[in-house]
Structure formats: structure tokens, C-alpha cells
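In: got a structure for you, letters missing:
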Ligand SMILES: NC(=O)c1ccc[n+]([C@@H]2O[C@H](COP(=O)([O-])OP(=O)(O)OC[C@H]3O[C@@H](n4cnc5c(N)ncnc54)[C@H](OP(=O)(O)O)[C@@H]3O)[C@@H](O)[C@H]2O)c1
């Protein structure tokens, strides 16, 4: 299904990926709305208020015609809520949906796997064009969630053991998202968005050590220790447990794979973790 006229709605507009899709759309002259709970937007972009928990924020967004929606799940299982929003957007004329999924979440699985199924079914019924982006773990987690551990303690915590991950840059995910949101035809499929190298958390610690010039150590926790840690940092208990269980999956090799989707779709090689660290060294400088 080809894209219609109207703006692209980017949910999770302050998030790691949508904030990197926005400049690509801006540079290409494609109109878009950046949605967040605050409703504000940087760089003169148009911001709109959107809260998954407050349905009164949903309908006003469609005062501007929306042709395509980039969907980011909230930090809990919200599949029915997300499907309800897809139905609303469809009734208002949106005809393309791109879901930010995860490499570990198969179609039909937890968190947003049933939203994936729903998009495919709507696509097969000829109602929408769609794509599901299934990235592995983001480099940029180290700019946000994990940055204080490195800055203050020189430590990286996980319960992934010697499990390897093909760490990927949010810039590469955004580049793929830009393509599938703006291409004349939607791909109507999912993509595994993976980086170029399989690295353990101990490998990452070595990369940080060499780039920052001080010893950074990986601390391998148990799954329950990691869940408690996420809860102590303010995440809901259920979400903390789900996140920690992903580490256990990695420990058992669930992420040990590569894919050429980034190169195939963007025409460039995905960014290496060590280049990401070099570019952002100041983030982890000690006070
Ligand atoms: N990080 C990773 O390594 C990774 C790997 C694979 C897949 N993923 C998937 O990617 C998605 C983003 O993950 P992330 O943790 O890295 O998040 P993130 O980039 O930090 O973005 C989370 C976004 O959700 C928005 N948000 C939170 N609560 C909201 C609510 N109630 N209503 C509307 N928006 C809300 C936040 O915006 P405001 O607070 O400004 O409203 C923020 O923009 C998740 O679905 C995750 O499963 C992440």
C-alpha cells in the first residue's frame, strides 16, 4: 500500500530511536509530529501531547491528517491498548504502521508480539502497509540507563554471563525506520536490526577501558539480583523482571546471530560499538 498525504506521527518522540528519525524526516522535507507526554519538541519540530495512559490525549492528535504511525510500546505489557490506538489511527486515515519491536520478541509473543500479529493481519486484509523493526540491544543504553554506573562506579551490570549480543546503534535503527516510513511501498514484513559484531558485556568493559583510559569492570549478577537492581532504580517490578529475564535469554545464546538488514536497507554498514564509545567519551568522564 503506498503512503498517503499527511504527517508521520512519531510516538516515543523523546526516545532513543524516534528522536533520531526526526532529523532524517526534517532533512527530507517530510512532515511529522513528535509525540511525548510533555508535548514539547526540540529544534522547532512540531510536538504533540500523547500518553498511552490517558486516552483523552489520543484523538486531538488527528486534528492534523496522519498518514503513517511509528509505534513505540510503553514500559509494560499494553497490547490491547496499542491495538485500540491502531484502530483509532486507522479510522482517522493512517495507512502505514511501523512498530518498534525487539529481536527477542517473536510475532505473537509478550510485550508487543500480538501487535505485530495484528499489523500483519490488517496488512493481509489490504487495510494498511506495515513493518516491524526488531532491533537487538541499543548502544545508546549506555548514554542513559547504564551511564551513571560507568561514571560513578566504573562498572557495567548485567546477568548475561558470557552471552554475546550484536549491539546496534539507534542511528541505524532510525535509518531503517526512515526508509520503511517513507518508501513508496511498505515492506509488510519484519526486520532483524543487528549490529556488526557479537560482543559480551566483558568485551564492552574492555572497549570502555581502552577508550576511557581507566578500568571498567563487568559485574555478572543473577537474574533476581538484576531485577532487584532495576526495581531499585525506579522501574515497575513486573517490567524489571521481564528485563532481567531477557538477560538470562542472552546468557543462553538467544542473541548470538547476525543479519545484513541494516546494510541491505540503508546501503551502509552498521556502526561498531567501539566507534559509538569513541564518539561519546565525554558522557562517561568522571566528575
Ligand atoms: N533499549 C534497548 O536496548 C532496546 C532493544 C530492543 C528493543 N527495544 C524496544 O524499544 C522501545 C524503546 O525502548 P527504550 O527503553 O530504549 O525507550 P526510550 O528510547 O527511552 O523511549 C521510551 C519512550 O516512551 C515514552 N513513554 C514512556 N511512557 C509513556 C506513556 N505512558 N505514554 C506515551 N509515551 C511514553 C517516553 O516519552 P516521554 O517520557 O517523553 O513521554 C520515551 O520517548 C521499547 O519498546 C523496547 O522494548 C529497546
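Out: Here it is on my side, so go on. These numbers come from a predicted model, not from an experiment. Residues are numbered from 1 along each chain as shown.
In: contacts for stretch 47-59, please.
Out: 9, 11, 13, 33-41, 60-61, 64, 74, 78, 81-82, 85, 88 (C-beta atoms under 8 Å, 6 or more residues apart in numbering). C-beta here means a position set from N, CA and C on the backbone, and glycine is covered the same way.
In: got phi/psi on residue 68?
Out: Main-chain torsions, residue 68, degrees, to the nearest 10: phi -150, psi 150.
In: for it, which non-adjacent residue is spatially closest?
Out: Spatially, and ignoring its direct neighbours in sequence, residue 68 is nearest to residue 96 (3.8 Å; C-beta to C-beta, 6 or more residues apart in numbering).
In: wait, isn't the one you found in contact with residue 122?
Out: No - shown here, residue 96 and residue 122 do not form a contact pair, counting by C-beta atoms under 8 Å, at 10.7 Å.
In: which of these two has more residues huddled nearby?
Out: Remark: of residue 96 and residue 122, residue 96 carries more neighbours, 28 against 19, as counted by other C-beta atoms under 10 Å.
In: how about the more buried one, phi and psi?
Out: phi -140, psi 140.
In: report the separation between it and residue 136.
Out: 24 Å (C-beta to C-beta, to the nearest Å).
In: likewise residue 285?
Out: Taking C-beta to C-beta, one finds residue 285 at 27 Å from residue 136.
In: which of these two has more residues huddled nearby?
Out: Counted by other C-beta under 10 Å, residue 285 and residue 136 do not tie: residue 136 has more neighbours, with 23 against 10.
In: need the contact list for residue 209.
Out: Contacts of residue 209 were listed using C-beta under 8 Å, 6+ apart, and they are 215, 216.
In: so it, which of the three states?
Out: Classification of residue 209 by DSSP: H, G, I helix; E, B strand; the rest coil places it in helix.
In: pLDDT value on it, please?
Out: Note for residue 209: predicted pLDDT of 98.
In: cool, the one 3 residues further on as well?
Out: Among the per-residue scores, residue 212 holds a pLDDT of 97.
In: tell me the phi and psi of the closest residue to the ligand within the stretch 151-287 of the chain?
Out: Using C-beta to the nearest ligand atom, the closest approach of the stretch 151-287 of the chain to the ligand is made by residue 170 at 7.5 Å. Note on residue 170: its backbone torsions stand at phi -60, psi -20 [degrees, to the nearest 10].
In: mind starting the numbering at 23 from now?
Out: Will do, 23 is the new start, and the previous item becomes residue 192.
In: looking at it, it is touching residue 160, isn't it?
Out: Yes - shown here, residue 192 and residue 160 form a contact pair, counting by C-beta under 8 Å, at 5.1 Å.
In: other residues contacting the helix or strand of the chain with the lowest mean pLDDT?
Out: None of the helices or strands of the chain scores lower by mean pLDDT, DSSP states H and E than helix 259-273, at a mean of 93. Outside helix 259-273, the residues that touch it by C-beta under 8 Å, 6+ apart are 97-99, 126, 132-133, 180-187, 245-246, 248-253, 257, 277.
In: just the strands from the stretch 73-222 of the chain, written as ranges.
Out: Ranges of strands in the stretch 73-222 of the chain, per DSSP state E, counting those that start in this stretch, are 88-94, 118-122, 151-157, 177-180, 211-215.
In: okay, and the closest residue to the ligand within the stretch 23-172 of the chain sits in which element?
Out: The stretch 23-172 of the chain approaches the ligand most closely through residue 37 (2.6 Å), counting by C-beta to the nearest ligand atom. Assessed by DSSP states H and E, residue 37 sits outside every helix and strand.
In: bridging residues for the residue lying closest to it once chain neighbours are set aside?
Out: Leaving aside its sequence neighbours, residue 37 sits nearest to residue 94 (C-beta to C-beta, 6+ apart; 5.8 Å). Beta-bridge partners recorded for residue 94 (DSSP bridges): residue 122.
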